[in-house]
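**Q** Build the 3D model from these lines:
(chains A and B)
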Protein chains: 2
Amino acid sequence: MKTIFDHRSVRRYTDRHIDDQVMERILTAATRASTVGNMQLYSLVVTTARDLLDKLSPLHFGQIASMGAPVAVTVCCDVNRFSRWCRASQTEPSYDNMLWFVNGAIDALLAAQNMILEAEHHGLGACVLGTTLYNATEICDLLSLPQGVVPVTTVVLGYPADTPPLTERLPLEAVVHRDTYRDYEDDDVKRLWAEKEALDYVKELVRENGTRNLAEIFTTKRYPAKDSVFFTEKYMETLKRQGFLK
Amino acid sequence: MKTIFDHRSVRRYTDRHIDDQVMERILTAATRASTVGNMQLYSLVVTTARDLLDKLSPLHFGQIASMGAPVAVTVCCDVNRFSRWCRASQTEPSYDNMLWFVNGAIDALLAAQNMILEAEHHGLGACVLGTTLYNATEICDLLSLPQGVVPVTTVVLGYPADTPPLTERLPLEAVVHRDTYRDYEDDDVKRLWAEKEALDYVKELVRENGTRNLAEIFTTKRYPAKDSVFFTEKYMETLKRQGFLK
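**A** Below you'll find the model as predicted:
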């Protein structure tokens, strides 16, 4: 499907307004994804107010502002709405744990990918902000997310100011296993990453970062151990505060 | 996009073979989804061998067999491949925690939705098996998933034997929040679920189950508290065993 194969993360947007009907179509597309037991355990917080975007952006390390994105959709696992409906129906729900966090995250992310593709189908661009996990508590506060709701990812949307090239991927055989998982030997991973490591821009990146190789950029610069530990504790605290973890 | 709006969960398949080139296109579509830092923290275990499907099916409470699905794709969060590449590059990775479980799950699920839509675009049907979380440990054993890999969901694929009707969803306003989250009052949830609860098949379900209302089917029959607690502990154990939780 052309839209799927044309996907790129857009990181510069124009100030062109997104028509309400187009936005409604994009959000409706999200709701057509499969959802556990048809419970729709997610919420889409669609932020467009300038003052809120200005407060949200620093929580994503400035990305929303630097991209000039007019819309940020905070994609949340949400067992609150369903639980409130259960209580309003005089029956007690029990979805305040990690199983239901993962169920809600599954719902939220399948919906998010539909939203991205429908947006692209209408000529918009999108970018997924992984930074959502780093400052989830602060995002909860800013967006008034109650117990039973936790942000999983954020998708910014808008009309692209440019069309970046497609991003390279590992060969298909790297991620696909036939029947059962076959683990990787050193030779396998070296071969699977060889093409990527030979790219000019990757070689330039390694030079700029002063590392021995590409992997070391990830382990020492982009995702070092101390951040990994720190942000795990922080997100676990958020899960606890939002009612998914005792 | 027509494919998105035509999605339904297909639960009966014909024995028509899926052409290798079509399957390759579907799996390649998965890899075009956004992925954290372009790390591709997921694996797709594509099971087609009859004996393995027969062993996998009971772990999904018989669903694969009863649907006659020729393919089950176990969609996994995978930090193992990336970590092995780091080590083969003489640098130490640190992705053995919950932050990276969630990062990997995000990657895996965005990829999964692409896979589903590309399959449907080629005339196939798909069904997402939420049961993956219930027997994740057993699935790890059967599919030889090593440390750093954990199943998040399963997508069965095949040519549909029938075309089920579209599933109803809550009104769009139920899941969309403007700028910030506005919490729900009893009246809100009653209104949002009113249309669903008035459907003939829902009334019939309530009669069959002998419950007072639809919500009670969820809280007492489909997803009761004891299962919620039991399967949370079980999945947390799996996360621990696979190296994501201390």
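
**Q** Now A:Arg16: closest residue in space, sequence neighbours ignored.
**A** A:Tyr159 (4.3 Å; Cβ to Cβ, 6 or more residues apart in numbering or on different chains). Bear in mind the C-beta positions are built from the backbone N, C-alpha and C, glycine included.

**Q** got the contact list for the one you found?
**A** Residues in contact with A:Tyr159 (Cβ atoms under 8 Å, 6 or more residues apart in numbering or on different chains) are A:13-14, A:16, A:18, A:123-125.

**Q** Same list (the residues you listed) but as CSV, adding pLDDT, neighbour count and secondary structure.
**A** Listed next are the contacts of A:Tyr159 as CSV, based on pLDDT from 0 to 100; neighbours: other Cβ atoms under 10 Å in any protein chain shown; DSSP: H, G, I helix; E, B strand; the rest coil:
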residue, pLDDT, neighbour count, secondary structure
A:Tyr13, 98, 23, strand
A:Thr14, 98, 13, coil
A:Arg16, 96, 13, coil
A:Ile18, 97, 17, coil
A:Gly123, 98, 10, coil
A:Leu124, 98, 22, coil
A:Gly125, 98, 26, strand
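
**Q** Taking these together, which two end up most distant?
**A** A:Tyr13 and A:Gly123 (12.2 Å; Cβ to Cβ).

**Q** three-state assignment of the spatially most central residue of chain A?
**A** The structure's chain A has its C-alpha centroid closest to A:Thr153; by Cα atoms, centre = their mean the separation is 3.5 Å. With DSSP: H, G, I helix; E, B strand; the rest coil as the basis, A:Thr153 sits in strand.

**Q** Please verify my assumption that it contacts B:Ala105.
**A** No - assessed by Cβ atoms under 8 Å, A:Thr153 is found out of contact with B:Ala105, at 10.2 Å.

**Q** Need the residues touching each of the two.
**A** In contact with both A:Thr153 and B:Ala105: A:Leu109, using Cβ under 8 Å, 6+ apart.

**Q** could you pull out the helices for chain A?
**A** Ranges of helices within chain A are A:2-5, A:20-31, A:50-59, A:63-67, A:80-88, A:98-121, A:136-142, A:172-175, A:186-197, A:200-209, A:214-216, A:225-241, based on DSSP state H.

**Q** Tell me which of these sits most buried.
**A** Among these, helix A:98-121 has the highest mean neighbour count (mean count of other Cβ atoms under 10 Å in any protein chain shown), at a mean of 26.

**Q** got any ranges where chain A has weak pLDDT?
**A** For chain A, applying pLDDT under 70 flags no range at all.

**Q** repeat that with 90
**A** Scanning chain A with the threshold set as pLDDT under 90 gives A:246.

**Q** Farthest out from the centre of it, which residue is that? Tell me.
**A** Chain A, Cα atoms, centre = their mean, max distance from centroid: A:Gln90 (35.1 Å).

**Q** isn't it right next to B:Arg212, touching?
**A** Yes - with contact defined as Cβ under 8 Å, A:Gln90 and B:Arg212 form a contacting pair (7.1 Å).

**Q** for A:Val128, what are its contacts?
**A** By Cβ under 8 Å, 6+ apart, the neighbours of A:Val128 are A:9, A:112, A:116, A:153-155, B:34, B:106, B:110.

**Q** Show the contacting residues for the residue lying closest to it once chain neighbours are set aside.
**A** Among residues not flanking A:Val128 along the chain, B:Ser34 sits closest, at 4.4 Å (Cβ to Cβ, 6+ apart). The neighbourhood of B:Ser34, defined by Cβ under 8 Å, 6+ apart, consists of A:7, A:9, A:116, A:127-128, B:110.

**Q** how much space between B:Ser34 and B:Ala111?
**A** Remark: distance between B:Ser34 and B:Ala111 (Cβ to Cβ, to the nearest Å) = 9 Å.

**Q** If we only consider the contacts of A:Tyr159, which is nearest to B:Asp183?
**A** So of those, ranked by how close each gets to B:Asp183 (Cβ to Cβ), first place is A:Ile18, at 26.1 Å.

**Q** My read is that that closest one contacts A:Val71, right?
**A** Yes - with contact defined as Cβ under 8 Å, A:Ile18 and A:Val71 form a contacting pair (6.4 Å).

**Q** Is A:Arg12 in contact with A:Val156, as I believe?
**A** No - counting by Cβ under 8 Å, A:Arg12 does not reach A:Val156; the two are 11.0 Å apart.

**Q** Looking at these two, which is more packed in?
**A** In terms of neighbours (other Cβ atoms under 10 Å in any protein chain shown), A:Val156 is the more surrounded of A:Arg12 and A:Val156; the figures are 27 against 16.

**Q** Can you tell me how far the closest residue to that one other than its chain neighbours is from chain B?
**A** Of all residues not flanking A:Val156 in the chain, A:Ala69 sits nearest, at 3.7 Å (Cβ to Cβ, 6+ apart). Per Cβ to the nearest Cβ, to the nearest Å, A:Ala69 is found 15 Å from chain B.
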